[in-house]
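J.: sequence plus the predicted model coming up.
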Number of protein chains: 2
Amino acid sequence: MPITPLAEIKENFIQGLSQISQYWGFPKSMGAIFAVLYISPSALSLDEIVVHTGFTKGAISTGVRSLARMGLIHRQSKLGDRKDYYIAESDFYKAIRTILKGRENSEFDRALSSVRDTLGELESGTSTSGKAEEWNFVHERVGEMQSFFDGLDNLVRVVAALDTMNQNTVQKVVGLLKK
Amino acid sequence: MPITPLAEIKENFIQGLSQISQYWGFPKSMGAIFAVLYISPSALSLDEIVVHTGFTKGAISTGVRSLARMGLIHRQSKLGDRKDYYIAESDFYKAIRTILKGRENSEFDRALSSVRDTLGELESGTSTSGKAEEWNFVHERVGEMQSFFDGLDNLVRVVAALDTMNQNTVQKVVGLLKK
DNA sequence: TAGTTTGTTTAGTAAATACTAAATAAACTA
DNA sequence: TAGTTTATTTAGTATTTACTAAACAAACTA
């Protein structure tokens, strides 16, 4: 049986991560950029990424900015070289923490706090007319949702604060949950 | 200070969940449908949801199907009534489990297995020409990514299999992680 | 200074998406 | 049977999105 050439294997890998990226609602280009950097032994310049992915310079420029903001790749400067070079973050748990920390996204936070505001309004007053029953029901429901969000937020904050989140940590969590 | 009327509070809540829905890449209509059902003391028919959300019947029809598939709402039949009625799932942890269980999405799974395939190809052969070094590097990297995915998958499977995931469970996990 | 090399921004485009309006289907009722 | 009531599907549309091509900007170099 013939051995698949490395070039073809790499291409498949890049396409695979592109699809995964797309599945999670990110541009395919971002998956491709990360894939190229992840399997490159050396840091790559913007133009090199262009060659390897087939996207244009503009697309790569915005793509690397997004990836860097998520902590999935890092920008490097070489002395005496005007180009920027990029490498992939290979510690995925570290990247996850970075993403979780940066969730004060304003967009998302504003949406979340609207639920909190709703709860506040429900708590500040009581129904004037005869709709006390419905008021209480809505109050209870929104309160439960807020508790859920608080719980999640708590979990996320703890995870984000961890300085060592590795395979071992995950295993411990799995072990605990199995009980 | 004047008390905000319940109708207005409800409207704000619906808009809030719509934004959150949109933030996570789902249609705004889905957030609105869930919000309406979540704060409704009784099950609602398709037409009632239409009235409360302002979307058309077609949009609601597809929206409720998506939400039901995720386990976020449930369809109910009343005897002697041809209409379908819908209620919100108020146990969010339960909903999370349903979503996690349904992740054999074919779409996502196919993307993930493409990474596994890449690893398989790298393991089956070795480089013919003098590119052994690069081959090994790529092999190592892809292997690490696969390990990460396996770890996550393991965690997800355990969580999905839990029959009791509640606030308490989350608290225990938080406690463990803090150590 | 003018000319290169690099990265970013902008204007325009093609494709995907979420929606509406309306046709259709399916189940019941007179 | 024809007529209602309900839900789904389809055809078309407006908006958003990810991209390309090209203009621009900034930093160096001869």
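T.: Received it, and whenever you're ready, just let me know what you need. Numbering: from 1, shown residues only, chains lettered A, B, ... in the order given.
J.: just checking, residue A:118 touches residue B:12?
T.: Yes: because the distance of 5.6 Å satisfies C-beta atoms under 8 Å, residue A:118 is recorded as touching residue B:12. Placement of C-beta: from N, CA and C, glycine included.
J.: so which residues on chain A come close to DNA strand D?
T.: Applying C-beta under 7 Å from any atom of the strand, one finds that chain A approaches DNA strand D through A:25-30, A:54-59, A:63, A:82.
J.: check which helix or strand covers the residue nearest the centre of chain A.
T.: When chain A is reduced to its mean C-alpha position, the closest residue under C-alpha atoms, centre = their mean turns out to be residue A:99, at 4.8 Å. In this structure, residue A:99 is located in helix A:92-101 according to DSSP states H and E.
J.: can I get that helix as CSV, trimmed to CA atoms?
T.: Provided in CSV are the C-alpha atoms of helix A:92-101 (Å, rounded to 0.1, in the frame of the first residue of the first chain):
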residue,chain,number,x,y,z
PHE,A,92,-4.7,24.3,24.4
TYR,A,93,-5.7,24.6,28.0
LYS,A,94,-3.8,27.8,28.2
ALA,A,95,-5.7,29.1,25.2
ILE,A,96,-9.0,28.1,26.8
ARG,A,97,-8.1,30.1,29.8
THR,A,98,-7.2,33.1,27.7
ILE,A,99,-10.5,32.9,25.9
LEU,A,100,-12.4,32.5,29.2
LYS,A,101,-10.6,35.5,30.7
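J.: how about the next helix or strand after it: buried residues?
T.: Next in sequence after helix A:92-101, counting helices and strands by DSSP H and E, comes helix A:107-124. Across helix A:107-124, burial judged by 16 or more other C-beta atoms under 10 Å in any protein chain shown covers A:111, A:112, A:114, A:115, A:118, A:119, A:121, A:122.
J.: that older thread, report the two of the residues of chain A next to DNA strand D separated the most.
T.: Greatest spatial distance among the residues of chain A next to DNA strand D (C-beta to C-beta): A:25 and A:82, at 34.5 Å.
J.: low-confidence ranges, chain A, go.
T.: Applying pLDDT under 70 to the predicted model, the residue ranges of chain A that meet it are A:1-2, A:103-104, A:127-129, A:163-167, A:177-179.
J.: biggest helix in it, by residue count?
T.: The helix of greatest length in chain A, counted in residues with DSSP state H as the criterion, is given as helix A:132-161.
J.: for that helix, packing partners?
T.: When contacts are defined as 3 or more C-beta pairs under 8 Å, 6 or more residues apart in numbering or on different chains; DSSP states H and E, helix A:132-161 packs onto helix A:92-101, helix A:107-124, helix B:6-23, helix B:92-101, helix B:167-178.
J.: any chance of TSV for those helices, columns distance to residue A:70?
T.: Formatted as TSV, the helices and strands packed on helix A:132-161 follow (distance: least, C-beta to C-beta, whole Å):
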stretch	distance to residue A:70
helix A:92-101	5
helix A:107-124	14
helix B:6-23	16
helix B:92-101	23
helix B:167-178	22
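J.: so which of the ones you listed is the most surrounded?
T.: Of the helices and strands packed on helix A:132-161, the one with the most neighbours on average (mean count of other C-beta atoms under 10 Å in any protein chain shown) is helix B:6-23, at a mean of 19.
J.: now do the contacts for residue A:122.
T.: When the contact criterion is C-beta atoms under 8 Å, 6 or more residues apart in numbering or on different chains, the partners of residue A:122 are A:135, A:138, A:139, A:142, A:143, B:9.
J.: list buried residues within those.
T.: Among those, those that count as buried by neighbour count (16+ other C-beta under 10 Å) are A:135, A:138, A:139, A:142, B:9.
J.: and the closest residue to the second one other than its chain neighbours, its phi and psi?
T.: Closest residue to residue A:138 in three dimensions, ignoring its sequence neighbours and counting by C-beta to C-beta, 6 or more residues apart in numbering or on different chains: residue B:39, at 4.8 Å. For residue B:39, the backbone dihedrals (degrees, to the nearest 10) come out as phi -100, psi 10.
J.: count the neighbours of residue B:39 for me.
T.: Residues within reach of residue B:39, counting by other C-beta atoms under 10 Å in any protein chain shown, total 24.
J.: for it, give me its contacts.
T.: By C-beta under 8 Å, 6+ apart, the contact set of residue B:39 is A:137, A:138, A:141, A:142, B:10, B:13.
J.: tell me how many other residues crowd the third one.
T.: By other C-beta under 10 Å, the residues close to residue A:141 number 19.
J.: quick one: it and residue B:87 touch, right?
T.: No: taking contacts as C-beta under 8 Å, residue A:141 lies outside contact range of residue B:87: 11.8 Å.
J.: about what we covered before: so can I have CSV of the contacts of residue B:39 showing distance to residue B:175?
T.: As requested, these are exported to CSV (distance: C-beta to C-beta, whole Å):
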residue, distance to residue B:175
A:137, 33
A:138, 33
A:141, 28
A:142, 27
B:10, 37
B:13, 32
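J.: any idea which of these is closest to DNA strand C?
T.: Sorting the contacts of residue B:39 by distance to DNA strand C puts residue B:13 at the head of the list, at 16.8 Å, by C-beta to the nearest atom of the strand.
J.: which non-adjacent residue is nearest that closest one?
T.: In space, residue B:13 is closest to residue A:118, 4.5 Å off (C-beta to C-beta, 6+ apart).
J.: residues contacting that neighbour?
T.: A:142, B:9, B:12, B:13, B:16.
J.: for residue A:71, same thing?
T.: Contacts of residue A:71 (C-beta under 8 Å, 6+ apart): A:89, A:94, A:95, A:97, A:98, A:99, A:102.
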